[in-house]
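> Structure, please.
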Amino acid sequence: MAESGKAERVRYIRGVFTRVAPRYNLMNRLMTAGQDVRWRVEVIQHAGLPVKGRLLDLGAGTGDLTREALRQYPDCRPFAGDFTLEMMRTGQAQPGVRLNWTGADALGLPFPDRTFDAVVSGFLLRNVADVQQALREQYRVLKPGGRMVCLDTTRPARNFLSPLVKIHLHLIIPVLGWLITGQRDAYTYLPNSTESFLRAEELAARMAAAGFKEVVFRRRMAGTIAIHWGTKR
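Numbering: from 1, shown residues only. Sure, this is the predicted structure:
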């Protein structure tokens, strides 16, 4: 992708998430029938944090994964990083524990090499302009033996559920987005990005190419969601 195209994509994605930030969590619950809460529990379980481990929640949005990390590992030291100010503001305004927020571009992380014991993300990679660079950056900031875990959409295989999946993606989600947030175009982009993103096997191969070992993935929600994890050696 040309640099001008990357810059334009970055502006568009930031604009999408700026507009949907106030209702982002509610829409996630509705779009997934509440399953996204359970998926985030899985992500943190696979992170395998040590005692007082340092965790980066990249593309943190409103901080749901960071809060789940603190629930499972109360002594951990998490950082919530995002490149959309309005998402971080929305997360900061939520009641409960105060999180450590930092502005962070997934393609150029503002952290030294070997900083974190785990890097996790939820619905980040399908939105970056360069998936391989984002994976390289996560690998760079991990300590040896650290784990990267990502929750994201994935292109589903064709099967008998395919018609229902299409109805959900291209009718139900845009209508819900319009009714709940008034942002139908944003919730047209999000389903479209699901179908244009990598298949789970392709993302696993990209992770291996970035240096991750023992790469594993599990599909969820009729094959439209996948949780991947791998280890830095």
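> contacts and neighbour counts: CA atoms only from here.
Will do.
> List the residues that contact the residue nearest to Q35 when sequence neighbours are not counted.
Closest residue to Q35 apart from its sequence neighbours, by Cα to Cα, 6 or more residues apart in numbering: R29 at 7.1 Å. Contact criterion Cα atoms under 8 Å, 6 or more residues apart in numbering gives Q35, D36, V37 as the residues in contact with R29.
> how close does the second one get to A7?
If I follow you right, that is D36. The spacing between D36 and A7, counted by Cα to Cα, to the nearest Å, is 30 Å.
> And the two? Which one has more around it.
More neighbours sit around D36 than around the other of D36 and A7, counting by other Cα atoms under 10 Å; the figures are 21 against 12.
> So the more buried one sits against N28, correct?
Yes - counting by Cα atoms under 8 Å, D36 touches N28, with 6.9 Å between them.
> And what about the residue nearest to Q35, helix, strand or coil?
helix (DSSP: H, G, I helix; E, B strand; the rest coil).
> quick one: pLDDT of it?
According to the per-residue confidence, R29 scores 91 in pLDDT.
> center of this structure, which residue is that?
For the chain, the residue sitting closest to the mean C-alpha position, by Cα atoms, centre = their mean, is G122 at 2.2 Å.
> May I have the beta-bridge partners of that residue?
Per DSSP bridges, residues listed as beta-bridge partners of G122: L151.
> my read: it touches A60, true?
Yes - with contact defined as Cα under 8 Å, G122 and A60 form a contacting pair (7.1 Å).
> Roughly how far does the residue nearest to Q35 sit from P174?
Between R29 and P174 the computed distance is 15 Å (Cα to Cα).
> Correct me if wrong, but R219 is in a strand.
Yes - residue state for R219 (three-state DSSP) corresponds to a strand.
> Please name the residues that touch the nearest residue to it once chain neighbours are set aside.
If the residues on either side of it in the chain are set aside, R219 comes closest to A226, at 4.3 Å by Cα to Cα, 6+ apart. Remark: with contacts taken as Cα under 8 Å, 6+ apart, A226 is in contact with L151, D152, T153, T154, A200, F217, R218, R219, R220.
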